[in-house]
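model this:
(chains A and B)
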Amino acid sequence: MKSAILGMKLGMTSVLTEDGKSIPVTVIEAGPCPVVLVRTPERDGYKAVQVGFVDKKENKTNKPLLGHFKKSGVEPKRFLKEFRELQRELNVGDVLTVEQFVKGDKIRISGTSKGRGFQGVVKRHHFGGVGMTTHGQSDRVRHPGSIGSSSYPSRVFRGLRMAGRMGGKRATVRNLEVIDVIPGKNLLLVKGSVPGAPKTLLEIIKQ
Amino acid sequence: MNTLDYVNQILLEKTIEARKNKDGENFAEIPDFKPGDTVNVAVRVVEGEKERIQNFKGIVLSRRGSGINETFLVRKISNGVGVERIFPLYSPMIQSIKVERTGRARRAKLYYLRGMSERKIRAKTSNN
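Modelled structure (predicted):
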């Protein structure tokens, strides 16, 4: 059954297992996410649920959004996201919680990765750099090298990997294992790292 | 208290609880020790089905991290070769830690002891 929830990255720590292994885990505060809107094929052309996450003050919410929340009877939320094709039938006002997940589940997490600014080709695309500091190339160790030939094609191919803005984009990590669920505090402990800095909004999906 | 600290505390309690359950009467509290002390760490070694205790005795060079992430580094001289091991302080693989000798150290990390002879190390960490 596909289930999903929104979460916020809190940070990382480790879990010590019985046999002495230290597992790196990311702590995620996930949910509760009330359903704000149900999209139906008849009205919207596709099936989805819109859920909210993290409370927001009413006086900080603009009027169009406030009306949207009033209509569904849900407190204003900071984030709104849609999830498609959840198998469970959900109605407006239903709440998604971490209890959908159990230890050992494999999940997929998407979020916005940390912005790295303008980065060179070695960090951004894992180029090896030019390599040598002898034979007259002492000053271009981390350069991309040749970006094409001259007379033919006389241009640089589109999409050629070069330096530029890195990070700050949507990134997905698949097959992360749920190590622990703490329903009382809406917490999810996930093995390994997830995209973004602490307080990043994350979409958590179990296929 | 922020939520991450809360999680760390819960994990720590769970780990200690697990050790208590496993060891029952033999459960040993983790003593206070600092860099410069000589400690005897009783480590569980699993060989196939069987489990036995192996002692690792040496001088503590450093402690780092906090809560469940805290580790300490022990150095000993084994057959003339220096051996160092890093243990997670709350590792379930540690049966007990015993302080054999307290030492005096004027800094937190004693990495400079690495090149020294045993006599010199003793002089550096003796109490008087």
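
what's near enough to touch the residue of chain B found nearest chain A?
Chain B approaches chain A most closely through B:Met93 (3.4 Å), counting by C-beta to the nearest C-beta. Every residue, glycine included, has its C-beta placed from N, CA and C. When contacts are counted by C-beta atoms under 8 Å, 6 or more residues apart in numbering or on different chains, B:Met93 is found next to A:Asp19, A:Gly20, B:Val43, B:Arg44, B:Phe87.

Just the buried residues of these.
Burial by neighbour count, 16 or more other C-beta atoms under 10 Å in any protein chain shown: within those this picks out B:Val43, B:Arg44, B:Phe87.

can I get those residues in JSON lines with secondary structure and pLDDT?
Output for the buried ones among the contacts of B:Met93, formatted as JSON lines (DSSP: H, G, I helix; E, B strand; the rest coil; pLDDT from 0 to 100):
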{"residue": "B:Val43", "secondary structure": "strand", "pLDDT": "90"}
{"residue": "B:Arg44", "secondary structure": "strand", "pLDDT": "87"}
{"residue": "B:Phe87", "secondary structure": "strand", "pLDDT": "93"}
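
restrict those residues to contacts with chain A.
Restricting the buried ones among the contacts of B:Met93 to those near chain A by C-beta under 8 Å from any C-beta of the partner chain leaves B:Arg44.

ok, the buried ones among the contacts of B:Met93 vs B:Pro31, which is closest?
Checking the buried ones among the contacts of B:Met93 against B:Pro31 by C-beta to C-beta gives B:Phe87 as the nearest, at 13.6 Å.

tell me the contacts of that closest one?
B:Phe87 touches B:Val41, B:Val43, B:Thr71, B:Phe72, B:Val74, B:Met93, B:Ile94, counting by C-beta under 8 Å, 6+ apart.

again, only this time at 7 Å
Counting by C-beta atoms under 7 Å, 6 or more residues apart in numbering or on different chains, B:Phe87 touches B:Val41, B:Thr71, B:Phe72, B:Val74, B:Ile94.

the strands in chain B, which residues?
B:38-47, B:50-64, B:71-78, B:81-88, B:94-101 (DSSP state E).

what's A:Lys70 sitting at in phi/psi?
phi -60, psi -40 (degrees, to the nearest 10).

Can you tell me how far the residue of chain A at minimum distance from chain B is from B:Val43?
Per C-beta to the nearest C-beta, A:Gly20 is where chain A lies closest to chain B, at 3.4 Å. Separation of A:Gly20 from B:Val43 (C-beta to C-beta, to the nearest Å): 9 Å.

any chance of the contacts of B:Phe87 in CSV, with pLDDT too?
Formatted as CSV, those follow (pLDDT from 0 to 100):
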residue, pLDDT
B:Val41, 92
B:Thr71, 93
B:Phe72, 94
B:Val74, 94
B:Ile94, 87
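
just the buried members of those residues?
Using 16+ other C-beta under 10 Å, the buried ones in the contacts of B:Phe87 are B:Val41, B:Phe72, B:Val74, B:Ile94.

partner residues bridging the last one?
It refers to B:Ile94. B:Val43 (DSSP bridges).

all strands for chain A, in order.
A:3-16, A:22-30, A:33-39, A:48-55, A:77-84, A:95-96, A:106-112, A:117-119, A:164-166, A:170-182, A:187-191, A:201-206.

quick one, which of those is nearest to A:Val156?
Closest approach to A:Val156 among these is made by strand A:164-166 (13.7 Å; C-beta to C-beta).

partner strands of that closest one, parallel or antiparallel?
strand A:117-119 (antiparallel).

which residues sit in contact with B:Phe33?
Contacts of B:Phe33 by C-beta under 7 Å, 6+ apart are B:Val39, B:Val60, B:Val99.

same check, this time on A:Lys123
A:Met166.

at 10 Å what do you get?
When contacts are counted by C-beta atoms under 10 Å, 6 or more residues apart in numbering or on different chains, A:Lys123 touches A:Arg116, A:Arg142, A:Ala163, A:Met166, A:Gly167.

JSON lines for those residues, including neighbour count, distance to B:Glu17 and pLDDT?
Output for these, formatted as JSON lines (neighbours: other C-beta atoms under 10 Å in any protein chain shown; distance: C-beta to C-beta, whole Å; pLDDT from 0 to 100):
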{"residue": "A:Arg116", "neighbour count": "12", "distance to B:Glu17": "41", "pLDDT": "95"}
{"residue": "A:Arg142", "neighbour count": "14", "distance to B:Glu17": "50", "pLDDT": "88"}
{"residue": "A:Ala163", "neighbour count": "17", "distance to B:Glu17": "52", "pLDDT": "93"}
{"residue": "A:Met166", "neighbour count": "17", "distance to B:Glu17": "44", "pLDDT": "94"}
{"residue": "A:Gly167", "neighbour count": "16", "distance to B:Glu17": "40", "pLDDT": "91"}
